[in-house]
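Visitor: sequence first, predicted coordinates after that:
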Number of protein chains: 2
Amino acid sequence: MKTIQEGKAKILIPDLPEVVSSDMPVFYNPKMRVNRDLAVLGLEYLSRKLGRELMVADPLSASGIRGIRFLLETTGEVKVFANDINDKAFEIMKENFKLNGIPEDRYEIHKEDANFFLRKSWGFGFDYVDLDPFGSPVPFIESVALSMKRGGILSLTATDTAPLSGTYPDTCRRRYGARPLRNEFKHEVGLRILIKKVIELSAQHDIAMIPIFAYSHLHYFKLFFVKDRGAEVTNGLLDQFGYLLYCFNCMNREPVRDPFKLKERCPHCGFKFSLGGPMWLGKLWEEEFVEFLFREAQEREEVSKETKRILKLIKEESGVQTVGFYVVSKLCKKLGIPQQPDIKTAKKVFEGARTHFEGDGIRTELPHAEVLRRAESLK
Amino acid sequence: MKTIQEGKAKILIPDLPEVVSSDMPVFYNPKMRVNRDLAVLGLEYLSRKLGRELMVADPLSASGIRGIRFLLETTGEVKVFANDINDKAFEIMKENFKLNGIPEDRYEIHKEDANFFLRKSWGFGFDYVDLDPFGSPVPFIESVALSMKRGGILSLTATDTAPLSGTYPDTCRRRYGARPLRNEFKHEVGLRILIKKVIELSAQHDIAMIPIFAYSHLHYFKLFFVKDRGAEVTNGLLDQFGYLLYCFNCMNREPVRDPFKLKERCPHCGFKFSLGGPMWLGKLWEEEFVEFLFREAQEREEVSKETKRILKLIKEESGVQTVGFYVVSKLCKKLGIPQQPDIKTAKKVFEGARTHFEGDGIRTELPHAEVLRRAESLK
């Protein structure tokens, strides 16, 4: 056992193996620091917005680190309901809450199947749920949506990025009911497919899970949703589902909401289109939420530099909410441009914004033909 | 309280209201007789096939009638796990099992939320689950699929036929993720959308629920599925999803598996196509299963006449497994044919089979143009 510090929390963890692989189920994964920073900031947003005590669930707690950070780092009042069915986790979690001097009336620790734990809260209603499963979150989504209060926020992590991003398309089809696209913005496509799935599973119960934040890192996706309820608002989300046509020859991309409008050939180059989706074609970020996270992160010492850097990028990115982006190095290679412009120049040339998905990625609202024309002019 | 008899079972039920509406949740609904007859016959099929004691779940038992009939009418050995979260149901059920002299080691009676009840059986595995919820079965499908043994059979009832058959298309989209079609075979479309949903929810867990029987009655759908497991067999089911193009002008219908092949206009008459789906485009009946149900029903006195009649029709129908059928009266009206042929003549003219969905419905593998040509010849 050893003690580590993250944010304002100290936690006991069993000794780590020498190498922590990104796709290993681990008790405490230091690579998820940004993820937990974001979760803390998301909770702070809700706490300020509602201005009252919040009921917070951490249904797959492991070390308890998230819940402890929530309690120590939220300015408003919070009560945490931590849960883990694993005996060891259950015991260490208790230690960890004590170690951080959390008063006993501020938390409850449960040892149940996560779905049972969530569903038992019906009629009670959590304001904030942080779901961070190993692998796909699909088996928990309905329970989470049902367990939440209207206006509450879901902070969601998914580590099965490989199927969602096109490495295992058949798995994606079985688990998410959609076809991925293995192109230069495959992670964005993966996030959009995951958002579709979350909305779809909740819609079964007339629950509207409105996406307000999306972030992709090498081995995981992070999303925030606000819960609303009712047929009309749910229909409004489903209206924003559709397919994405992508041309692997000229990089043309066309979101299509009406299946009748799908076309087999790229109108730009005549190559056969590939089809991704169905997926969420709406916005990935609610600007007000992003703005808050960004500002709040800068003011906090306990938030990591990496988190601050990412939020700055996403703030820029949320100003140009296109479906897909261009990768400058790929554009240059395709078009035979010998000298790749730096990202500042590229932003000007394409009237775009940077994206957190790729170092040299650019979001632009210019039509595809115009992007190619401007790229050619760089020759 | 009064006692009624159904099949070989006697059961106590609270007094019925004067009028039992088809869409009222009732404790014992005499209109579901055919449904329960079919469930008994489906279990007999599995019992003969596996030739061993079967573990049977009735997660929403109400009066307990189904479980009691299973025990009294199956030739092989059966153990029934009945469950109802309602206090009154729980008490009356106990009475009813005793009233029928069922030995105590042949059944267990539980009082839990149906999803909890099912999920607790993980690692145990039911051979046969009869799920008959009030309304949509969607909230229970995953728990059922997970609770079953490979090779087991699900006997499923759904009473929310209105959304599935096009009366509430937006509800259908939210709950089932598909567009219904309010045409002359709207109930078949509804069944195919429901099948898609069951397959989709199970596929999330690499479980393949293979449809082997479909039946539609005024206010409910009845389906049987065999459970299999694994990526390959599940992919094979998903390959059979697709859209259905339907022309409300000339009644043309075209199943389309590849979304790129969707076309906006009916090639026959030029009218705008309507789009249904995604839905299951594969077979609705496994012939061997239908044949067994049909034969077995004829031999049993306790099976209702109506059940026997329906199974005879479905046996005929399962010989011509088209997507959609024609309704002779509608064809005649559309084409201005003054004298509608009787069903025997219609079968000959269109080289088709009758369908249980409509008294004057005909399934035929003739191309649409040929159907219209032959109908014209009746003038």
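Guide: Yep, that arrived.
Visitor: for the stretch 51-200 of chain A, what lies in contact range of chain B?
Guide: A:113, A:115-116, A:119, A:138-139, A:142, A:170-171, A:173-175, A:177, A:200 (CB under 8 Å from any CB of the partner chain). Where C-beta positions appear, they are placed from N, C-alpha and C, glycine not excepted.
Visitor: could you export the residues you listed as a markdown table, including neighbour count, pLDDT and secondary structure?
Guide: Below are those laid out as a markdown table (neighbours: other CB atoms under 10 Å in any protein chain shown; pLDDT from 0 to 100; DSSP: H, G, I helix; E, B strand; the rest coil):
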| residue | neighbour count | pLDDT | secondary structure |
| --- | --- | --- | --- |
| A:113 | 16 | 93 | coil |
| A:115 | 21 | 94 | helix |
| A:116 | 18 | 93 | helix |
| A:119 | 19 | 90 | helix |
| A:138 | 20 | 97 | helix |
| A:139 | 17 | 96 | helix |
| A:142 | 23 | 96 | helix |
| A:170 | 14 | 98 | helix |
| A:171 | 18 | 98 | helix |
| A:173 | 21 | 98 | helix |
| A:174 | 24 | 98 | helix |
| A:175 | 23 | 98 | helix |
| A:177 | 22 | 98 | coil |
| A:200 | 23 | 98 | helix |
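Visitor: let's have the residues you listed in JSON lines, adding distance to residue A:244.
Guide: As requested, those are exported to JSON lines (distance: CB to CB, whole Å):
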{"residue": "A:113", "distance to residue A:244": "36"}
{"residue": "A:115", "distance to residue A:244": "32"}
{"residue": "A:116", "distance to residue A:244": "37"}
{"residue": "A:119", "distance to residue A:244": "35"}
{"residue": "A:138", "distance to residue A:244": "21"}
{"residue": "A:139", "distance to residue A:244": "26"}
{"residue": "A:142", "distance to residue A:244": "26"}
{"residue": "A:170", "distance to residue A:244": "19"}
{"residue": "A:171", "distance to residue A:244": "19"}
{"residue": "A:173", "distance to residue A:244": "15"}
{"residue": "A:174", "distance to residue A:244": "20"}
{"residue": "A:175", "distance to residue A:244": "19"}
{"residue": "A:177", "distance to residue A:244": "15"}
{"residue": "A:200", "distance to residue A:244": "17"}
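Visitor: pick the one among those residues closest to chain B.
Guide: Within those, the smallest distance to chain B is 4.4 Å, found for residue A:174 (CB to the nearest CB).
Visitor: the closest one against residue B:207, yeah?
Guide: No - contact criterion CB atoms under 8 Å: residue A:174 and residue B:207 do not qualify, at 9.4 Å.
Visitor: now the helices for the stretch 151-300 of chain A?
Guide: A:161-164, A:169-176, A:186-203, A:231-238, A:287-299 (DSSP state H, counting those that start in this stretch).
Visitor: just say which of those is most tucked in.
Guide: helix A:186-203 (a mean of 26; mean count of other CB atoms under 10 Å in any protein chain shown).
Visitor: so what pLDDT did residue A:185 get?
Guide: At residue A:185, the predicted lDDT confidence score is 98.
Visitor: look up how far residue A:282 lies from it.
Guide: 16 Å (CB to CB, to the nearest Å).
Visitor: tell me which of these two has more neighbours.
Guide: residue A:185 (27 against 20; other CB atoms under 10 Å in any protein chain shown).
Visitor: from chain B, how far off is that one?
Guide: 21 Å (CB to the nearest CB, to the nearest Å).
Visitor: ok, and the closest non-adjacent residue to that residue?
Guide: Using CB to CB, 6 or more residues apart in numbering or on different chains and skipping the chain neighbours, the partner closest in space to residue A:185 is residue A:324 (4.7 Å).
Visitor: what's the offset of stretch A:274-293 from the middle of its chain?
Guide: 10 Å (CA atoms, centre = their mean, to the nearest Å).
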